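> no FASTA, just this:
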Ligand code: NI
Ligand code: MN
């Protein structure tokens, strides 16, 4: 399993059988190393409805004939606009051709801005992908929660965790998350995209190391083989 960071919370996950795009936010993200038109993928996974996790989902799904995997409401929302979708909900898992996906809980909101009022699209989720003998957790946007201990119990080759604060947990809570999850490696995400979520990922990595955890802050465009 190879993961490539596309900036913010967007990752390309390449398994033996498929290319998965997680939380597509390329258009409008100056750190993104690729454009939405250049991305090739077979599946798109969205943790929740917010634009910085879904804004390119529909266009990329249509251009690639890719299946969009998300909570039921997001799946219905994009399905009504012509995307192939697979709706799920927290606690549920499904065996896809590339491996198994399970949605977890997350403590966050989930909406899209349609006109003046936000449209609520179910609950925010985290995503666990099991493929090629590897187990990956993308936390989406979330606060720290005790049940992360349960997610870590299956063993994690990597955890992708938000550290930006303000909208999600910040570095201090992400350190506690690492104590719960115990991943082989953590890749921080959802930071430095805008001033309210500016963080020092190097300082986070050093603090994590002092508590026995490995953090690898990937630059946008950089990859990691699990
Ligand atoms: Ni969000
Ligand atoms: Mn977000």
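Happy to help now that I have it. Worth saying up front: this structure is predicted, and the values here are computed from it rather than measured. Numbers count the residues shown, from 1 in each chain. Ligands and ions are numbered 1, 2, ... in the order given.

> what residues does the helix or strand of the chain with the lowest mean pLDDT touch?
Ranked by mean pLDDT, DSSP states H and E, the weakest helix or strand in the chain is strand 111-114, scoring a mean of 88. Here strand 111-114 makes contact (Cβ atoms under 8 Å, 6 or more residues apart in numbering) with 49, 50, 51, 54, 77, 118, 119, 120, 121. Every residue, glycine included, has its C-beta placed from N, CA and C.

> can you rerun that using 10 Å?
Residues outside strand 111-114 that contact it (Cβ atoms under 10 Å, 6 or more residues apart in numbering): 48-51, 53-55, 73-74, 77-78, 117-122, 124.

> Enumerate the residues of this protein near ligand 2.
Residues of the chain lying close to ligand 2 (Cβ under 5 Å from the ion) are 50, 52, 141.

> Can you redo those as JSON lines, where the extra columns are pLDDT?
Output for the residues of the chain next to ligand 2, formatted as JSON lines (pLDDT from 0 to 100):
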{"residue": "50", "pLDDT": "97"}
{"residue": "52", "pLDDT": "97"}
{"residue": "141", "pLDDT": "98"}
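
> which among the residues you listed end up buried?
Among these, the ones that count as buried by 16 or more other Cβ atoms under 10 Å are 50, 52, 141.

> Confirm residue 37 sits in a helix?
No. Counting by DSSP: H, G, I helix; E, B strand; the rest coil, residue 37 is not found in a helix; it is coil.

> ok now do the nearest residue to it once chain neighbours are set aside, which residues does it touch?
Leaving aside its sequence neighbours, residue 37 sits nearest to residue 63 (Cβ to Cβ, 6 or more residues apart in numbering; 7.3 Å). Remark: with contacts taken as Cβ under 10 Å, 6+ apart, residue 63 is in contact with 36, 37, 39, 40, 41, 56.
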